[in-house]
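**Student:** Got a sequence here, can you build the structure:
(2 chains)
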Amino acid sequence: MKGPHPHDFSLSLFASNDTGWWQRRSLTRHLRSCGECQEKVAQSESLRGEMAGMSDIPPSVNWESLAAEMRANIRLGLEAGACVRTVPVRRRVNPRIVVAFASLSIVVAASFLLRGPRVLVPAASTVTAHKASSIEAASLEAAEPTSVLEANEDGIALRTGPASMTLLGRQGSTSSQTASAEGEIRARYVDGNTGVVTINNVYLQ
Amino acid sequence: MSICSKLGVAVMTLAFGLPLGAQETTLDPASSVKIDLPADSPLALISTSMGESRATARGGALVLDLHMGLTLRNAGTKRVRGVTLLITSQEFAPGGKGSVARPCIDVAPGEKFTLPVDIRLVRPVQQTTGPLVRVQLDGVLFDDLSFFGANKLNSQRAMTFWEVEAQRDRAYFRQALQASGESGLRREVLASLTRQSNQLQLDVAVSRNGRAVGAAVPASDRVAQFAFLQVPGSPVHPLEGWAAISGNEARSPQIEVLNQSAKPVRYVEIGWLVKDREGHEYLAGSVPGSESTMLIPAGQRTRLLQDTALKFSRSGKPVEIESMTGFVSQVEFADGHVWVPSRQDLAASPLLRLMAPSPEEQRLADIYSKKGLSALIAELSRY
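**Tutor:** All right, here's what the predicted structure looks like:
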């Protein structure tokens, strides 16, 4: 048997198949290993069967006295409720549910925190936030470019609308190229015949 | 067609002798190219050839192919180690500019050399006034690392870095020859050629103000952090950095660096590696410091900010960016001295495998592959 016994009321609801999915799953797990509760459930089911077998109410029932007795019981119940109304109700919390919710919260929090670089560098969070915001600002301010610089098979081209200026590559030379974030592309050519190096640069305005 | 447009076509036709029905014509160097050398230039212009330069009408566009050869003479008293020419074409690329540089040379006083300039200009047919292309001398670097020139393109810095790297790599190969003989030199050069052939090349498109052409609105942007490779002897350390990533596009890179040297620094460049989703790593480019904001006192930090977008592709296919790595590749101090990683620093890290070789290392390896070991040894003994 694992954990405390469930309330008899819960077992009765279980027997009548009136519990929710989660509670039913929890009770089923308890009942697998608790003979005492299994017996209570069996009793409830038996009683439920007997009740279903009662076809009729006995004719000798005195409805007036029964109604008076029910009113008295209700009054008694209300008075008893008034006595305990100010007492805080302590609910029993299933520790497994607490652990499950805590784990779920950690997973959700971790996924939120790990989704962006700002929390990857908590020591520099201020700087990071500033950088990120300035990058975003630069993005927002970005307008359609008037010029673009690109390296292609011909060389390095600066295009502005339909006009362009291309510094052409050296035929028959080995080449390599690098770009600078300052707005520049550089191509280097080594002439196989003369051994001389030529470096072409094109700059954005 | 408006009256202005008709007038423009007429002017252009007169200027180039290019009747509208004709396909192409040869260019007149005198009217199409203007070459400016300052009066006190240590280089004298001997001649200009225009080779196969042509103007061609294609549909509604004018295409100019300029193939110039500028023959210059060292008219100074020092040996020339590098030259940079500034190329502008206000008619075709307003505000844009290019440069043609010749590093890794050793031109004695009185000697001549030829610098090729090959340009293609395209624009709709309309009025053309003045020269199409202007060529100016931006800088000359001498063997004592002194400099002459207008330096509009910061060519002094670029050529100084190339020259310092050249000295480093020439010394390295000479040392390999002295320590291990011809077989040792061959081994080192073959290793260099292997690294060069293994390095994957990216095609890059760059635009300002955030987005490369053809990119959609950034619905899937994310802010990605740089990882950093620490170069042992670097006077500047990268601390943290970010860029906005959207597919194959990286925008607005920002890197914070710390000057841990005892001298103020006026320029830092961070090499930029990107890794795609298949795990291939590429040298994508660099993040340099902005000219206006750069002067890092000793022990202080600053941010390298660039508001550009770089779009990467390979063989016409987008290269999706998975992660980024940065490393300090160049530092210039306020006194003009420069720092580049030593060969030991490079060998002790993945940088030797990932970084592009210096222009001089590429040139020396090319001499070996084209002319053999004896030609390389002769070249190393020149200076």
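**Student:** Please make it C-alpha for all contacts and neighbour counts, starting now.
**Tutor:** Fine.
**Student:** what residue ranges in the chain score low on pLDDT?
**Tutor:** Using chain A here. Chain A contains residues with pLDDT under 70 at A:1-3, A:50-93, A:108-145, A:172.
**Student:** My question was about chain B, not that one.
**Tutor:** Counting by pLDDT under 70, the ranges of chain B that qualify are B:1-30, B:125-130, B:209-220, B:290-293.
**Student:** domain parsing for it?
**Tutor:** Following automatic domain parsing, one finds the domains of chain B at B:3-153, B:158-198+B:362-380, B:203-214+B:221-355.
**Student:** Break down the chain into its helices, ranges please.
**Tutor:** Defaulting to chain A. All helices of chain A, identified by DSSP state H, fall at A:8-15, A:21-32, A:35-53, A:63-84, A:95-113, A:125-141.
**Student:** nope, chain B please
**Tutor:** Using DSSP H, helices in chain B cover B:3-16, B:29-32, B:155-198, B:343-347, B:351-354, B:359-371, B:373-380.
**Student:** Which parts of chain A belong to which domain?
**Tutor:** A:1-53, A:99-141, A:148-203.
**Student:** among these, which is nearest chain B?
**Tutor:** domain A:148-203 (4.0 Å; CA to the nearest CA).
**Student:** Need the winner for burial among the domains of chain B.
**Tutor:** domain B:203-214+B:221-355 (a mean of 20; mean count of other CA atoms under 10 Å in any protein chain shown).
**Student:** check contacts around the closest residue to B:Ser358 other than its chain neighbours.
**Tutor:** Of all residues not flanking B:Ser358 in the chain, B:Glu165 sits nearest, at 6.3 Å (CA to CA, 6 or more residues apart in numbering or on different chains). Taking CA atoms under 8 Å, 6 or more residues apart in numbering or on different chains, we find B:Glu165 in contact with B:Val340, B:Ser358, B:Glu360.
**Student:** In this structure the second one contacts B:Trp162, no?
**Tutor:** Yes - the criterion here is CA atoms under 8 Å, and B:Ser358 meets it with B:Trp162 at 7.1 Å.
**Student:** List the contacts of stretch A:32-43.
**Tutor:** Defining contact as CA under 8 Å, 6+ apart, one finds that stretch A:32-43 is touched by A:Met1, A:Lys2, A:His5, A:Pro6, A:Asp8, A:Leu11, A:Ser12, A:Phe14, A:Ala15, A:Leu31.
**Student:** Buried only: go through these for me.
**Tutor:** A:Leu11, A:Ser12, A:Phe14, A:Ala15, A:Leu31 (16 or more other CA atoms under 10 Å in any protein chain shown).
**Student:** Mind picking the two most distant members of those?
**Tutor:** Within those, A:Ser12 and A:Leu31 form the most distant pair, 12.8 Å apart (CA to CA).
**Student:** nearest to A:Gln177, of the domains of chain B?
**Tutor:** domain B:203-214+B:221-355 (8.3 Å).
**Student:** do the closest one and chain A meet?
**Tutor:** Yes - counting by CA under 8 Å from any CA of the partner chain, chain A is contacted by domain B:203-214+B:221-355 at B:203-213, B:222-225, B:242-244, B:252-254, B:283-288, B:290, B:306-310.
**Student:** next one: stretch B:145-158
**Tutor:** No - Stretch B:145-158 stays clear of chain A (CA under 8 Å from any CA), getting no nearer than 9.2 Å.
**Student:** Quick one: distance of that stretch to the chain centre.
**Tutor:** Distance of stretch B:145-158 from the chain centroid (CA atoms, centre = their mean, to the nearest Å) equals 14 Å.
**Student:** what does stretch B:327-342 give?
**Tutor:** For stretch B:327-342, the distance to the chain centre is 17 Å (CA atoms, centre = their mean).
**Student:** List the contacts of that stretch.
**Tutor:** The contact list for stretch B:327-342 (CA under 8 Å, 6+ apart) reads B:157, B:160-161, B:164-165, B:168, B:228-231, B:233-238, B:263-272, B:295.
**Student:** measure that stretch end to end?
**Tutor:** Taking CA to CA, to the nearest Å, stretch B:327-342 runs 14 Å from one end to the other.
**Student:** cool, and stretch B:275-285?
**Tutor:** With CA to CA as the measure, stretch B:275-285 spans 13 Å from end to end.
**Student:** before we move on, what about stretch B:96-111?
**Tutor:** For stretch B:96-111, the first-to-last residue distance is 33 Å (CA to CA).
**Student:** what about it and chain A, touching?
**Tutor:** Yes - residues of stretch B:96-111 contacting chain A under CA under 8 Å from any CA: B:Gly96, B:Lys97, B:Gly98, B:Ser99, B:Val100, B:Ala101, B:Arg102, B:Pro103, B:Cys104, B:Ile105.
**Student:** repeat for stretch B:363-376
**Tutor:** Yes - counting by CA under 8 Å from any CA, chain A has neighbours in stretch B:363-376: B:Arg363, B:Asp366, B:Ile367, B:Lys370.
**Student:** among these, which two are most distant?
**Tutor:** Put simply, by CA to CA the two of the residues of stretch B:363-376 next to chain A set farthest apart are B:Arg363 and B:Lys370, 10.4 Å from each other.
**Student:** Pick the one among the contacts of B:Glu165 closest to chain A.
**Tutor:** B:Glu360 (8.2 Å).
**Student:** Go ahead and confirm the closest one touches B:Ala166.
**Tutor:** Yes - with contact defined as CA under 8 Å, B:Glu360 reaches B:Ala166; the gap is 5.0 Å.
**Student:** list residues touching both of the two?
**Tutor:** Common neighbours of B:Glu360 and B:Ala166 (CA under 8 Å, 6+ apart) are B:Cys104.
**Student:** interface residues of the stretch 1-150 of chain B facing chain A?
**Tutor:** Proximity of the stretch 1-150 of chain B to chain A, by CA under 8 Å from any CA, involves residues B:89, B:92-105, B:117-124.
**Student:** Out of those, which sit inside strands?
**Tutor:** Counting by DSSP state E, these place B:97-102, B:117-124 in strands.
**Student:** Filter the contacts of stretch B:327-342 down to the ones in strands?
**Tutor:** Using DSSP E, the contacts of stretch B:327-342 in strands are B:Phe228, B:Val236, B:His237, B:Pro238, B:Val265, B:Arg266, B:Tyr267, B:Val268, B:Glu269, B:Ile270, B:Gly271, B:Trp272.
**Student:** Straight-line length of stretch B:233-253, end to end?
**Tutor:** Using CA to CA, first and last residues of stretch B:233-253 are 24 Å apart.
**Student:** cool, stretch B:99-110 as well?
**Tutor:** 24 Å.
**Student:** which other residues reach that stretch?
**Tutor:** Counting by CA under 8 Å, 6+ apart, stretch B:99-110 makes contact with A:196-202, B:73-87, B:113, B:115, B:117, B:143, B:159, B:162-163, B:166, B:359-360, all of which sit outside it.
**Student:** One more pass at 7 Å, please.
**Tutor:** Stretch B:99-110 has contacts (CA atoms under 7 Å, 6 or more residues apart in numbering or on different chains) with A:197-202, B:73-87, B:117, B:159, B:162-163, B:166, B:360.
**Student:** ok, the contacts of stretch A:32-43 vs B:Ser192, which is closest?
**Tutor:** A:Lys2 (71.3 Å).
**Student:** about what we covered before: how about CSV for the ones in strands among the contacts of stretch B:327-342, with distance to B:Arg174 added?
**Tutor:** Formatted as CSV, the ones in strands among the contacts of stretch B:327-342 follow (distance: CA to CA, whole Å):
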residue, distance to B:Arg174
B:Phe228, 32
B:Val236, 29
B:His237, 31
B:Pro238, 33
B:Val265, 31
B:Arg266, 32
B:Tyr267, 30
B:Val268, 29
B:Glu269, 28
B:Ile270, 29
B:Gly271, 27
B:Trp272, 30
